[in-house]
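Asks: after the sequence you'll find the predicted model.
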Amino acid sequence: MDETDVKILKKLLSDARSSYRKIAEEIGVSPPTVLARVEKLEGKGVIKSYSAVLDHEKLGYDLTAIIEITANKKDKIVEIERQIAKFPNVCAVYDITGLTDMVIVAKFRNRKELSNFVKKDLPLQYIDRTNTHVVLITVKEDFGFIN
């Protein structure tokens, strides 16, 4: 990736609906150059998809939880992570180092939904222990960045 690719990515991150013509004008290259670069970045998997960024609180998801999970069978961690990733309110699943095996980030409408998730949905086979943290204030939540 060079400086032009980075400029294109920054424009797409700020507004994925921008036309290639507009991006080209703003960064000083031709529209076919932007098209070729975007296709190359998509082909390499740098650009995975295009999506809207939603305000989950405005959609009624007032609780964000960060849940640490410890597996009781270490050879089943990937299987557990795949099962957890299927839940629609789970935003992220991370396989981590440290005292726990994975961390998930999930959003809920209320405490009852969170409680049901932790007590009924999450007790999958091979999960030994969970530790749930409720986010009080979200200072920053933005996974779309590039330096």
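Replies: Sure, I can see it.

Asks: residue 86 and residue 32, how far apart?
Replies: 41 Å (C-beta to C-beta, to the nearest Å). For the C-beta atoms, the positions are set from N, CA and C on the backbone; glycine is no exception.

Asks: do residue 74 as well
Replies: 51 Å.

Asks: ok, now residue 8?
Replies: Residue 8 is 13 Å from residue 32, by C-beta to C-beta.

Asks: these two: who's more crowded?
Replies: residue 8 (25 against 10; other C-beta atoms under 10 Å).

Asks: what's the more buried one sitting at in phi/psi?
Replies: Note on residue 8: its backbone torsions stand at phi -60, psi -50 [degrees, to the nearest 10].

Asks: which residues does the closest residue to it other than its chain neighbours contact?
Replies: In space, and not counting its chain neighbours, residue 8 is closest to residue 37: 5.4 Å by C-beta to C-beta, 6 or more residues apart in numbering. Shown in contact with residue 37 (C-beta atoms under 8 Å, 6 or more residues apart in numbering): 4-5, 8.

Asks: where in this protein is pLDDT low?
Replies: Applying pLDDT under 70 to the chain flags no residue at all.

Asks: quick one: the helices in it?
Replies: 3-14, 20-27, 31-43, 77-85, 111-116 (DSSP state H).

Asks: to residue 143, which of those lies closest?
Replies: Residue 143 lies closest, by C-beta to C-beta, to one member of the helices of the chain: helix 3-14, at 9.9 Å.

Asks: now do the closest one against helix 20-27, angle only.
Replies: Computed by axes from the mean of the first three to the mean of the last three C-alpha atoms, to 10 degrees, the angle separating helix 3-14 from helix 20-27 equals 120 degrees.
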